[in-house]
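*Asks:* fold the stuff below for me.
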Amino acid sequence: MIGRWQRCVRLNQPLLTKPFFVFASLAALAFILGLFREFTGLGYVTGLNDGYTWGLFKNWNVTALTALGSGGYAVAILTWLFNQRKFHPIMRTALLTSFLGYGTGMIALGFDVGRPWNFLHFNNPRNWNPHSVLMEVAICMTAYVIFALDVENMPPFLERLYKSPDPKKSVLAMRIFYAIRGTFPFFVALAFLLPSMHQSSLGGLMFLAGSRVHPLWQTPRIPLLYLLMAYILGLACVLMVLLLSSMVWNLGWDLDVLEQLTKLMGRITVVWIAVQFADLAYRGVLHQAFTFDYFSCWFLAETMLLLVPALLLWFKPLRTEPGTLFLLTFLLSLGGVIYRFTPTTIAFFPLGNYKYFPSITEILMSIGFTSFAITLFLIAVKRFAILPAPAGKITPDAAVGPFDAM
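*Replies:* Residues are numbered from 1 along each chain as shown. Presented below is the predicted three-dimensional model:
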């Protein structure tokens, strides 16, 4: 069904389905393995070593999940800064993906750091290293979740509280709503500032690695490339979530919104590739992209996964067919995730003869924490009005009243 998405709806469907139990089981396994890791240490459960201290854990939890979780950041820029109100019905979905991406990544971070009890020292500013890029990333990520994403994701929960038969809960919901509404512009400003800081700083961190990162990826422009990639992966994640949700739960298609998001994602991707190749030419290393050695093949594969879908999405018949759109978006996001992995692992030269390949436990934990995010998503969309729907799907549980304006 093709129609204009108008409001957010709560799915009136059972929660305890087979897919829910599969994802919940994988999430439970990840937490069990995480507890095992806490008692045994990283060396017993990972393939990490003194040369490769990030590996799959940090790459997926910190660089990939936070980039895929930048959808709320990217869509909010369109909605609030550029006043594109047509994207308002998908804001709750985008913000939920951001909250789950960042929140899950930070929970997983508690398991994949070497000495998790040292988190306690973070509470004492005297222990802070003002010259540490990772400290800036840690502060911005934590502040983004606590002071921005928490507040931005509050309306559907307040709405549910407001509809409670208990009048005291309704009054409490309105009080919280008015308190948030008065300060909402400041939280929105933080939601723009903090991701911009830590996404670019992740690139700055790899710039500090110097010659240990291959010249095809090592550049002073890497903070800009990391920031733009966060926009690309964030939009791709929102698109895939909307497409899958519409397919599975028959929510209809707002082709105008999907097409606009797709065109924007494709254009930013083309700009990203243009900046990358202009930088390679400026630094005089462009020829290394076509030597067809190990690193050149990775670079070309990553580039093709980004460029080909981005160019194909310029053709309207391809970007308006949901199945094709999902496939092209998935391939593009795969290329973006590979780029996020490359500077820290694939194209990283450790000081010493070290090799790295993720262990089975690392892989299972990464899959499990991702499944945890999916499990929470299923709970949220079936308990609160989050997913968009056209007029024909509007139910009494749809977002209504003052909460629908946030």
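
*Asks:* when you work out contacts or count neighbours from here on, use the C-alpha atoms and nothing else.
*Replies:* Noted.

*Asks:* what is the residue nearest to P343 when sequence neighbours are not counted paired to in the beta sheet?
*Replies:* Distance criterion C-alpha to C-alpha, 6 or more residues apart in numbering; nearest residue to P343, sequence neighbours excluded, is V213 at 5.9 Å. Per DSSP bridges, the residues bridged to V213 are F348.

*Asks:* ok, V213 - contacts?
*Replies:* M206, P343, T344, A347, F348, F349 (C-alpha atoms under 8 Å, 6 or more residues apart in numbering).

*Asks:* distance of the first one relative to M135?
*Replies:* If I follow you right, that is M206. 14 Å (C-alpha to C-alpha, to the nearest Å).

*Asks:* not counting its neighbours along the chain, what's nearest R85?
*Replies:* Using C-alpha to C-alpha, 6+ apart, the closest residue to R85 is T79 (5.5 Å).

*Asks:* I'd guessed the one you found sits against R92; true?
*Replies:* No: in this structure, T79 is not within contact of R92 by C-alpha atoms under 8 Å, at 11.7 Å.

*Asks:* comparing the two, which residue is more hemmed in?
*Replies:* R92 (23 against 17; other C-alpha atoms under 10 Å).

*Asks:* so who does the more buried one touch?
*Replies:* C8, N153, I386, L387.

*Asks:* 6 Å - rerun?
*Replies:* I386 (C-alpha atoms under 6 Å, 6 or more residues apart in numbering).

*Asks:* that one belongs to a strand, doesn't it?
*Replies:* No: remark: R92 does not belong to a strand; assigned using DSSP: H, G, I helix; E, B strand; the rest coil, it is helix.

*Asks:* pLDDT value on it, please?
*Replies:* At R92, the model reports a pLDDT of 90.

*Asks:* what do you get for F290?
*Replies:* Predicted confidence (pLDDT) for F290: 95.

*Asks:* where in the stretch 101-250 of the chain is pLDDT low?
*Replies:* In the predicted model of the stretch 101-250 of the chain, no residue satisfies pLDDT under 70.

*Asks:* so what's V45 closest to, chain neighbours aside?
*Replies:* Using C-alpha to C-alpha, 6+ apart, the closest residue to V45 is T361 (5.7 Å).

*Asks:* host element of the one you found?
*Replies:* helix 360-383 (DSSP states H and E).

*Asks:* now the phi/psi pair for D166, please.
*Replies:* Phi and psi for D166, reported as degrees, to the nearest 10, are phi -80, psi 110.

*Asks:* now do the helices in the stretch 251-400 of the chain.
*Replies:* Listed in chain order, the helices of the stretch 251-400 of the chain (DSSP state H, counting those that start in this stretch) span 255-282, 294-312, 316-319, 322-341, 360-383.
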